[in-house]
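> Take a look and give me a structure for this.
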Amino acid sequence: MLRGPATETQVTHLQRLWLYILCGLVVLFLVGPTLMVVPMSFSNSRYLEFPPQEWSFRWYRAYFSSLEWRRATAVSFQAASLTMVVATVVGTLAAYGLHVARAKAGRYISILLTLPMIIPVILLAVGIFLSFAPVGLNSTIMGLVLAHSVLAIPLVLITVTAGMRNFDINQEMVARSMGASRPWAFLTITLPQIRNSALSAALLAFIVSLDEVVIALLIAGGDKATLTRRMFLALRDEIDPTIAAISTLLIGFSILMLLVSQLLQRKRD
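Purely as a prediction, here's the structure:
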């Protein structure tokens with residue numbers, strides 16, 4: 001098997017063995033620390049320990065029985081759901097507009113819209129905090145949604161733009177030539193063709209909002225604190241093993257969302 005060709009150039013798997021080993025070590029370096037959290041979440045100890053001396057669901061029960069943790073989870077999922085809607089709509093329309101316009105300035109507009117991916121998140125957080133303070137958006141769901149949308153829209157834009165490359169604009173032009181308005185042609189002709197890309201982008205926007213912590217530390221507080229914010233504060237103030245249980249649940253949920261996203265992208269391709 002190792003001596004079989006790996007590519008059309010007759011490079012064998014044995015000759016590529018060093019590359020496989022290197023990739024395996026890189027994956028282990030990146031994923032290993034994350035996977036260590038999973039067995040730690042099943043420990044019965046009062047402190048985080050690896051490997052656990054005793055196995056238990058103690059910290060999962062502590063999470064589900066805590067009103068504060070449940071409230072923070074509800075806030076996070078509420079904000080993530082609304083962010084998914086806002087970011088998907090805005091990002092999809094932006095990608096469609098840039099694709100249809102084909103203006104010379106489109107490249108610069110696209111770069112401008114993706115700037116939040118380049119700027120350090122802490123700088124965005126400070127700017128958002130100072131902007132929201134005068135209008136009272138700090139410690140509100142609306143403020144969280146708007147702030148998280150700033151981070152999610154660039155991902156939606158990039159994902160949907162990739163899907164638009166396989167879209168035939170002539171079909172929409174035919175519909176419009178037969179009397180359909182541009183919004184109706186977009187909803188009935190264009191959107192069904194890029195729906196898998198839009199769904200993938202929506203899932204990515206949801207995950208971005210759910211996992212975000214830096215912005216939440218500044219603008220989310222009180223009964224509007226997110227789950228990740230409470231986790232960070234709990235880890236700072238006391239090492240609560242409940243964090244390991246929550247992290248394990250978030251890891252599983254994020255992996256599930258990413259798998260669904262990949263399946264949708266594969267279906268699109």
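> elements contacting the helix ranked longest in the chain?
The longest helix of the chain (DSSP state H) is helix 67-101. Other helices and strands packing on helix 67-101, by 3 or more CB pairs under 8 Å, 6 or more residues apart in numbering; DSSP states H and E, are helix 106-113, helix 141-164, helix 195-211, helix 227-237. Where C-beta positions appear, they are placed from N, C-alpha and C, glycine not excepted.
> Heading C-terminal from the lowest-mean-pLDDT helix or strand in the chain, find the next helix or strand.
Lowest by mean pLDDT, DSSP states H and E among the helices and strands of the chain is helix 169-177, with a mean of 71. Sequence order places helix 182-185 as the next helix or strand after helix 169-177, per DSSP states H and E.
> which residues are in contact with the helix or strand just after that following helix?
The helix or strand immediately downstream of helix 182-185 is helix 191-193, counting by DSSP H and E. Defining contact as CB atoms under 8 Å, 6 or more residues apart in numbering, one finds that helix 191-193 is touched by 166, 167, 168, 171, 198.
> Over to stretch 159-170?
The contact list for stretch 159-170, computed with CB under 8 Å, 6+ apart, reads 91-92, 95-96, 98-100, 110, 190, 193-194, 196-198, 200-201, 204, 268.
> Would you mark the buried spots in it?
By neighbour count on 16 or more other CB atoms under 10 Å, the buried set for stretch 159-170 is 159, 160, 161, 162, 163, 164, 167.
> do stretch 79-94 as well
Neighbour-count burial for stretch 79-94 [16+ other CB under 10 Å]: 79-84, 86-88, 90-92, 94.
> What of stretch 246-258?
Those buried within stretch 246-258 under the rule 16+ other CB under 10 Å are 246, 247, 248, 249, 250, 257.
> Please tell me how far the third one sits from residue 72.
Taken as CB to CB, to the nearest Å, the spacing of residue 248 relative to residue 72 amounts to 16 Å.
> who's in contact with stretch 216-235?
68-69, 71-73, 75-76, 79, 125-126, 128-129, 132, 137-141, 143-144, 147, 210-213, 240, 242-243, 246-247, 250.
> Mind listing what's buried along stretch 182-195?
Buried, per 16+ other CB under 10 Å, within stretch 182-195: 185, 186, 189, 190, 193, 194.
> what's the neighbour count on residue 241?
Residue 241 has 23 neighbours, counted by other CB atoms under 10 Å.
> what's the distance between it and residue 67?
From residue 241 to residue 67 the distance is 19 Å (CB to CB).
> now swap in residue 83 and tell me
In this view, residue 83 and residue 67 are 24 Å apart by CB to CB.
> go on, residue 97?
45 Å.
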